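Visitor: With the sequence up front, the predicted model follows.
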Amino acid sequence: MSKIGETTMTTHDFNDAETQRNFDVIPDGTVATVRMTIRPGSAGEGGWLRRSKDGNSEALDCEFVVFDGPFAKRKFWTLFTIAGITPGHAEAANISAGKLRAILESARGIKPDDKSDTAKQARCMQSYGDLNGLAFIARIGVEPPQNGYKAKNRLDHVVTPDEKAWKQVTQEPAATPSAAPAKPAFIPAKINRPDWSK
């Protein structure tokens, strides 16, 4: 075995190495199956939420991994605002709730207009941890470059069973899907919500 700095005549063959990966954004409008992972922030219900730096809002910090098609293994990230102290946070939380409902419908094969008891139950969760590991059909969007940062992908639309692009996906069984992550010794105080948000 050669040592660092030692000159040898060894041939290093890279013919079988992977070709370099292209990290350009996934094209806008791409439809793919993605798996959702929550990156716990030790705040909010069960420690699943992430507190903003200013302490004024809490969100689900989600990572999505594409696992089919030409962009398999690519990742993108989205924050879903869950609670906050301003009217803007309240609006963002309503939008997030709609997206989370659609994720449950896409993952569990429920049409948005289905009002049966089975459908209503499918839209319920024991905790935010139930979302961890869910697979669903997504249309991927692109956020343009801003503030010196490159363009990046985002979750543009959740494809539900009433749409032609939807297909049934296989869910991986989770041993404890609702288990809360380990909490640190210190957790910041809860955000103080104004009366109008209660």
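Guide: Arrived safely.

Visitor: Around Leu79, how many other residues sit close by?
Guide: Neighbours of Leu79 under the rule other C-beta atoms under 10 Å: 16. Just so you know, the C-beta spots here come from the backbone N, C-alpha and C atoms, and that holds for glycine as well.

Visitor: Ala93 versus Gln168, what's the distance?
Guide: 30 Å (C-beta to C-beta, to the nearest Å).

Visitor: pull the CA atoms of the helix or strand where Asn153 lies into CSV?
Guide: Secondary structure assigned from DSSP states H and E places Asn153 in strand 152-159. C-alpha atoms of strand 152-159 as CSV (Å, rounded to 0.1, in the frame of the first residue of the first chain):
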residue,chain,number,x,y,z
LYS,A,152,-34.0,25.5,-5.9
ASN,A,153,-36.8,23.0,-6.1
ARG,A,154,-39.9,23.0,-3.9
LEU,A,155,-43.1,21.1,-3.5
ASP,A,156,-45.4,22.8,-6.0
HIS,A,157,-48.5,20.6,-5.9
VAL,A,158,-49.6,17.3,-4.3
VAL,A,159,-51.2,15.0,-6.9
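
Visitor: Buried ones in it, by neighbour count?
Guide: Asn153, Arg154, Leu155, Asp156, His157, Val158, Val159 (16 or more other C-beta atoms under 10 Å).

Visitor: Go through those and name the one nearest Lys115.
Guide: Lys115 has its nearest neighbour among the buried residues of strand 152-159 in Val158, at 19.1 Å by C-beta to C-beta.

Visitor: How about the contacts made by that closest one?
Guide: Val158 makes contact with Lys99, Ala102, Ile103, Glu105, Ser106, Phe136, Ile137, Ala138, Arg139, according to C-beta atoms under 8 Å, 6 or more residues apart in numbering.

Visitor: Quick check on those residues: which are buried?
Guide: Ala102, Ile103, Glu105, Ser106, Phe136, Ile137, Ala138, Arg139.

Visitor: Among these, which lie within strands?
Guide: Among those, DSSP state E puts Phe136, Ile137, Ala138, Arg139 in strands.

Visitor: Distance of the residue lying closest to the second one once chain neighbours are set aside relative to Arg35?
Guide: When the adjacent residues along the chain are set aside, Ile137 lies closest to Val159, with 3.9 Å between them (C-beta to C-beta, 6 or more residues apart in numbering). In this view, Val159 and Arg35 are 15 Å apart by C-beta to C-beta.

Visitor: what does Asp54 give?
Guide: Taking C-beta to C-beta, one finds Asp54 at 31 Å from Arg35.
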